[in-house]
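Engineer: got a sequence here, can you model it:
(2 chains)
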2 protein chains.
Amino acid sequence: MHVVFLIYPNVTQLDFTGPAQVLSRLPGARVDYVWKTRDPVPTDAGFSVLPTATLADIAHADILCVPGGFGCTDVMEDEEVIAWLGRIGADAGWVTSVCTGSLILGAAGLLGGYRATCHWAWHDYLSLFGAEPVRQRVVFDRNRATGGGVTAGIDFGFALMAEIAGEDHARMVQLGLEYDPGPPFDSGVPEKASHETVARLSALYAGQAGDRDARIRAVATRSKETA
Amino acid sequence: MHVVFLIYPNVTQLDFTGPAQVLSRLPGARVDYVWKTRDPVPTDAGFSVLPTATLADIAHADILCVPGGFGCTDVMEDEEVIAWLGRIGADAGWVTSVCTGSLILGAAGLLGGYRATCHWAWHDYLSLFGAEPVRQRVVFDRNRATGGGVTAGIDFGFALMAEIAGEDHARMVQLGLEYDPGPPFDSGVPEKASHETVARLSALYAGQAGDRDARIRAVATRSKETA
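Structural biologist: A predicted model of the protein is given here:
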């Protein structure tokens, strides 16, 4: 069972470290963390990860997983990476993502006609790529599995593990990782957060956005023309 | 706000990547990942992390956090690391851990007389180090904050963030990380898992244990003699 995570500069590290903690415990799992070179890849949390393989090293994946992060727009515009994703995604056993990783899958033409999810604040972009947006923490559609924002990657990991290795195994790994979550507050989605919290965070995102919206729309337009 | 994570070979990576995702969003946070050298540190999930500093580079921490993992026994026996922890822990703002990281704090003499928690399967070792074991996901006692097994590090991160930066800020970060957990099953602690699941995992741990029990007890004995 070869699990392949794409990593890239300014990836939201929990988007892949969460599901990696789960999926590395699949029976017979071999896990690779892949980027263009083997140089250290800086994450959003101040540490860098060493890729275990380059794009060129990987010809097939049983599970392809693309995490999200503020670096996702650069990846969506990167023809080399997008072409690689298109090739690997075409015959991967599972084509998956966490958070805004689904927009990268979309840019690679891998979500057209599939139900999918994304971080709540980026969810509306999914339809630009022909996906059918579903506001759910984890969405399965045929061999596509997508998780919502950041921490949803852990729930995604367990749901996928149960599909592949059975619920008994997934329950055992859940016990090993003591996954009995107890958030001290209940503010994890806009529907549960206060209006003020949503407004403050939305303002923060807007301030960081730059020309991101225009760039994502341009990628979507180009990808439609190619398809 | 200088956050310092100790990392080490065979650390359970989610033990620090979970709280790092949260605590790196503390206002003014500067986060370091520290080991003896700057060589890549292999984690339990097949990737290596580059330390951002060495032990010698760090003289003080506002938050000192020690993650757990199967490599913890080696760290508990490592006089250089334990001495460093004792020094940094003596005047850190917060002395914290996730999972079996609390046993490392214990080995450094930092938990004597403090209420603390640990991964459920290692919880009984806490009292060897003079700590008062509490079966709770996150335990605060004065400036000590300890989290339970692996995924508890995320709840620990939010609880600590609320103490330091206030609940409003923590709620905003929770929304950003879409932390509205939805585990597909309910098997995260022995009290909720089936007897069969607990038995299978306990057998797996026993098979991996080697002389771990004897080594931890020896560390505890030596640390009592030093104290």
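
Engineer: sketch out the low-pLDDT regions of chain A for me.
Structural biologist: A:227 (pLDDT under 70).

Engineer: same thing but at 50, please
Structural biologist: Counting by pLDDT under 50, chain A contains no low-confidence residues.

Engineer: can you list phi and psi of the residue nearest the centre of chain A for me?
Structural biologist: Note on chain A: the residue nearest the mean C-alpha position is residue A:98, at 2.5 Å, using C-alpha atoms, centre = their mean. Phi and psi for residue A:98, reported as degrees, to the nearest 10, are phi -130, psi 140.

Engineer: give the bridge partners for it, please.
Structural biologist: Taking DSSP bridges as the rule, residue A:98 bridges to residue A:147.

Engineer: what separates it from residue A:27, distance-wise?
Structural biologist: Distance check for residue A:98 against residue A:27: by C-beta to C-beta, to the nearest Å, it reads 22 Å. Bear in mind the C-beta positions are built from the backbone N, C-alpha and C, glycine included.

Engineer: next one: residue A:47
Structural biologist: According to C-beta to C-beta, residue A:47 stands 29 Å off from residue A:27.

Engineer: of those two, who's got more company?
Structural biologist: Between residue A:47 and residue A:27, counted using other C-beta atoms under 10 Å in any protein chain shown, residue A:47 has the larger neighbour count: 24 against 10.

Engineer: so the more buried one touches residue B:13, yeah?
Structural biologist: No - shown here, residue A:47 and residue B:13 do not form a contact pair, counting by C-beta atoms under 8 Å, at 10.4 Å.

Engineer: quick one: contacts for the residue lying farthest from the centre of chain A?
Structural biologist: Centroid-distance maximum for chain A: residue A:196 at 27.7 Å, with C-alpha atoms, centre = their mean. Contact analysis of residue A:196 by C-beta atoms under 8 Å, 6 or more residues apart in numbering or on different chains lists residue B:168.

Engineer: so it is in which element?
Structural biologist: Secondary structure from DSSP states H and E places residue A:196 in helix A:195-209.

Engineer: then that helix to CSV, C-alphas only?
Structural biologist: The C-alpha coordinates for helix A:195-209 follow below in CSV (Å, rounded to 0.1, in the frame of the first residue of the first chain):
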residue,chain,number,x,y,z
HIS,A,195,-20.6,36.2,14.2
GLU,A,196,-17.7,38.3,15.6
THR,A,197,-15.2,35.4,15.3
VAL,A,198,-16.2,34.7,11.7
ALA,A,199,-16.0,38.4,10.8
ARG,A,200,-12.5,38.8,12.4
LEU,A,201,-11.1,35.7,10.7
SER,A,202,-12.7,36.6,7.3
ALA,A,203,-11.1,40.0,7.6
LEU,A,204,-7.7,38.4,8.3
TYR,A,205,-8.1,36.1,5.3
ALA,A,206,-9.1,39.1,3.1
GLY,A,207,-6.0,41.0,4.2
GLN,A,208,-3.8,38.0,3.2
ALA,A,209,-5.5,37.2,0.0
